[in-house]
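S.K.: Requesting a structural model of the entry that follows:
(2 chains)
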Amino acid sequence: MSALALARSGCGGVAVTLGEAELLLRASGVLWLGRARTLVAADLHLEKGSAYARKGQLLPPYDTADTLGRLAAEVAALDPVVVVLLGDSFHDGEGEARMAPRDTQRLEAIAARRRLIWVVGNHDADGPKALPGEVVPDIRIEGVVFRHEPIAGPQTGEAAGHLHPCLRVAGRGGKVRRRCFVTDGARIVLPAFGAFAGGQNVRDAAFSTLFARPPLAVALGPDRAQPIGWDMLVGD
Amino acid sequence: MDGALATTELPGVFADWFARRGWRPRPHQLAMLEKARAGRDALLIAPTGGGKTLAGFLPTLIELAERPKRNTPAGIHTLYISPLKALAVDIERNLIAPIFEMGLSVKAESRTGDTGIARRARQRVKPPDLLLTTPEQLALFCAWEGARRYFEDLACVIIDEVHSIWPSKRGDLLALDLARLQQYAPGMRRVGLSATVDDPAVIQRWLAPKAGAPVDVVTGAAGAAPIVDILLSQGQVPWAGHTAHHAMPDVYDAIRRARTALVFVNTRFQAEFAFQELWRLNDDNLPIALHHGSLAPEQRRKVEAAMAKGALRAVVCTSTLDLGIDWGDVDLVIQLASPKGASRMVQRIGRANHRLDEPSRALFVPSNRFEMLECQAAREAIAENALDAEPERTGALDVLAQHVMGASCSEPFDLVALYDEVRTAGPYRDLSWEDYEQVVDFVSTGGYALKTYDRYRRIVKGLDGLWRVRNAETALRHRMNVGAIVSAAMLSVRIASRRGTPGRKIGEVEEGYLEVLEPGDTFIFAGQVWRLVGVTGVDVLVQRATGEPAKMPSWGGSKFALSTLLARRVRELMSDDRHWRVLPPDTREWLELQRDRSAVPATDEMLVETFPHHQRRFLVAYPFEGRLAHTTLAMLLTRRLDRLGVGPLGFVCNDYGLTIWSLRPMDGLDFAELFAEDMLGDDLESWLLESAMMRGAFKNCALISGLIERRFRRDQKSGRQISFSTDLVYDVLRRHQPDHLLLRAARDDAAKGLVDIARLGQLLARIKGRIVVSRLDHLSPFSVPMMTEIGKQNAPGSAREMILADAADALIAQASA
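M.R.: Alright, predicted model coming up:
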């Protein structure tokens, strides 16, 4: 990890650099660009519960409220000028129409007085129809390209979501599985922020071609994010 | 019952058949016939080998032989329910012989999850007279349209091994389906066949068609008392350990001297270990086989067939062979390591020698000195016919949810009528209307306070006021997910091809079984050494690694807890030093050493020891209430010690006690306060909600209730994905609707089965004012087994065994110094 600059921050997050950009990886799973006052969250998968319910599997209808509640808390804590949702913000194209009025209002409150940018993903290729904000395929901030799906092969200056990274660590008391950021200092993959978004182990094949050298994983936690070296990680 | 002998006679063809075989009908077989003729519901309690199954079928065969010819094809006459698929199939085979020999025109067929599509389809159109099946298949039947017509001729339902089914969620589901059948066929008679139990009344209540309805008990003659010996391997039992490694040469010798032996162990790991050890010693090349739940079904069937033919000298097995068909040739049952309970031992011992007039022979092989006490206590309990009591059961709400959904798939139901029907089922007699309504609401809309799913209802109320399933697709998906057995997600173990692709399947393992292994490691499975290549999706890929030393995949303690009865008897035996005479000298010396260096508690006392060891301070308590209750207790104690500023570092538990360690001394604590009953309040609740056990219980409830589907039509979702998503659902539901029905159901399950809170409560009440404290300078003899377990989790395989042995030697030297 020698070339990878990394520092703990007072708020429980972990600071890393990606080229010129200084990124703060928050324990909640959002990425914060302090200079640009930009908050980035990936893979919200809003209305995943109702997507299953529609097909007859009645998962709890609280996932959207839960996800937006946590997002609103981060917005209140950081007061961003720009909020970027990094794709797969809705679980499916009709998710927006199924959203409860209360949740719509909560999202509108987040968009008020700031730019809300919807980067499109594979689950929500068209972006939202009636909600406030701009819909873009990707966006460049401080030299970093923010897009939903990481481009194959090692890349420099890219931040993406899509893969829902999770890590697993074997300790004395058993094994722990957590959502995580994963970065090699050239690119970064964000964890899924949605309450019902599943995870994929960073040792799975899907991650194997992304990094030129063993990356660093940063595990989310209730109060602080924990940087963890590649050697410590185990597969599922 | 003597009266029954006089008044009941077998019809000629049956009497001749008995005579031809040189048999005489047993009194309980005739008594069951008399109950049938009187139209009574009956429960037969008889030991294994008492002709129980025939007693169940005889009345049906006679009725069918005597029935007049009908113009219309008859429906099913008798439904036989078995807890095991294999048993249903075996019984079919065993029934066909007498039916053929007597020339009866009776058709008996089995139907299990393995039955082919053609046969299933034919059975629906042309039902056999006797259908032999499992509770899961019955639940599936009850969720079919047309179930009412299919079962309208049903005269009798026989539940085999009812003692093993009723105290479980499968039992809840079966009771509900019996209530359903009773509606279809009001004249249906219920017959239960049970092994000897502590209290037949609880099974009578479970079996009864409604509250207060009588179920006659017929008791078979007790067999000859079994002869139980305890193996004294060169007069030495180790201080600690689980494998009985020390005794393998003697076990092998016992097998050599027996005709056929069943070697029972408590875990799959022990089965693999013992099998490997026995083959290492097997200079005579005796046919010794292995049988446990992870092996491929075909392989298990092969072992069973070889056993039935008398081609084997021994089978090393787990509880997979607790029940099953009679193998006449077994003349010795060996129990390796702790027997855990008296009832299970009686059942296992009953597998030897199925002739009632000859005693069964059993050999207990304790793997450590506590187990020596346990074996002695079990032996005495068996001699006195003392059995473990099973507490009364309240039906689970997740099971009820599945049943309500099934009912709607079969035919539209009236809300009140179904409530009345459900309450005729034993486990649901006290079901409140409020709980029932909540369950129906859960089935319909998910039961969420936020009423956003009304448009996605799975069951809907029609204009006629009846509830019905929303559409055919929903019914189809329900039928694919019927059943109340939730097994851990299973991975297939397959031989990797040269290109690394999955090849032939050699068995299945539970997810987590191979947790400590990394690719390249070797392990024993199905009696052979394999190298782990990797895990891909639902396959574990392996290569042969014959001759290499193997690691052990999983130590996993026994899933059975030491029974309350046996725990009490161990405490009694231990507390009475006049009773020690029956124990071998080394165990007696060990008890004397414990008495002299620390203390041996009286029956209702609990001993607490504190001592320093290797820069750490230890607190050891000996409640003797089983590992589950101890684990819960240790969790709660560490929370308490944390608040007291002691800073506990860790704990280990076994069936006899628990050990907690820290860097600070604990001998100055107020132990009465530390073990006060109020720990079962908020501490328990907040710990429970965060615990992995609660998550596991929630997952089971979510699967059984139909919230999460287990089986899909195309791509089978792997267990790991299911596990992850139920965790997410659990967290969200807890935050947003903590009083949801499924959280309540999961909490009930966790408290009852997984953490044994009732038993912990009894324990804390028992020891109030009876805590004996020994403040010691060094560890005590009793503490050695737990001390050797500390840190064991991380050392794999044979290395772990060596560490263990070294640790044990050092500890023993210090304790005896």
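
S.K.: check contacts around the closest residue to chain B within chain A.
M.R.: The minimum distance from chain A to chain B, using CB to the nearest CB, falls at A:Leu58 (3.3 Å). No exception for glycine: its C-beta is placed from N, CA and C like everyone else's. By CB atoms under 8 Å, 6 or more residues apart in numbering or on different chains, the residues touching A:Leu58 are A:52, B:445-446, B:448, B:453, B:456, B:458, B:707.

S.K.: pLDDT at B:Gly547, what is it?
M.R.: Per-residue confidence (pLDDT) for B:Gly547: 71.

S.K.: Same check on B:Ala118?
M.R.: Looking at B:Ala118, its pLDDT is 90.

S.K.: B:Asp398 now?
M.R.: 96.

S.K.: Quick one: residues contacting it.
M.R.: B:169, B:700-702, B:704-705, B:742, B:745.

S.K.: Tell me which of the residues you listed has the lowest pLDDT.
M.R.: For the contacts of B:Asp398, the weakest pLDDT value sits at B:Asn700, with 89.

S.K.: Now the residue of the stretch 301-450 of chain B found nearest chain A: closest residue in space that isn't a chain neighbour?
M.R.: Using CB to the nearest CB, B:Gly446 is the residue of the stretch 301-450 of chain B that sits closest to chain A, at 3.3 Å. Using CB to CB, 6 or more residues apart in numbering or on different chains and skipping residues adjacent in sequence, the residue nearest B:Gly446 is A:Leu58, 3.3 Å away.

S.K.: A:Gly127 against A:His148, yeah?
M.R.: No. Taking contacts as CB atoms under 8 Å, A:Gly127 lies outside contact range of A:His148: 11.0 Å.

S.K.: Find residues that contact each of the two.
M.R.: Contacts common to A:Gly127 and A:His148, judged by CB under 8 Å, 6+ apart, are A:Val120.

S.K.: which residue ranges form the helices in chain A?
M.R.: A:48-54, A:63-78, A:95-98, A:101-111, A:205-208 (DSSP state H).

S.K.: Quick one: residues contacting A:Leu163.
M.R.: A:150, A:189, A:200, A:206-207.

S.K.: and the two most separated of these?
M.R.: With distances taken as CB to CB, the most widely separated pair in the contacts of A:Leu163 is A:Pro150 and A:Gln200, at 12.5 Å.

S.K.: Pick out whichever of those two has more residues nearby.
M.R.: Legend: neighbour count by other CB atoms under 10 Å in any protein chain shown for A:Pro150 and A:Gln200, higher for A:Pro150 (20 against 17).

S.K.: Now the more buried one: closest residue in space that isn't a chain neighbour?
M.R.: What sits nearest to A:Pro150 in space, not counting adjacent residues and going by CB to CB, 6+ apart, is A:Ala160, at 3.9 Å.

S.K.: what does B:Phe18 give?
M.R.: Computed as CB to CB, 6+ apart, the closest residue to B:Phe18 that is not its neighbour in sequence is B:Pro25, at 5.8 Å.

S.K.: Could you check the pLDDT of the most centrally placed residue in chain A?
M.R.: Chain A has A:Ala42 as the residue nearest its centroid, 3.1 Å off, counting by CA atoms, centre = their mean. A:Ala42 carries a pLDDT value of 98.

S.K.: do B:Ala808 as well
M.R.: 45.

S.K.: and if you look at B:Arg361?
M.R.: We have a pLDDT of 89 for B:Arg361.

S.K.: Helices along the stretch 601-750 of chain B, start to end?
M.R.: Under the criterion DSSP state H, counting those that start in this stretch, the stretch 601-750 of chain B contains helices at B:627-643, B:671-674, B:682-690, B:692-705, B:719-736, B:741-749.

S.K.: and those helices as CSV, adding distance to chain A?
M.R.: Below are the helices of the stretch 601-750 of chain B laid out as CSV (distance: least, CB to the nearest CB, whole Å):
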stretch, distance to chain A
helix B:627-643, 12
helix B:671-674, 23
helix B:682-690, 11
helix B:692-705, 8
helix B:719-736, 4
helix B:741-749, 9
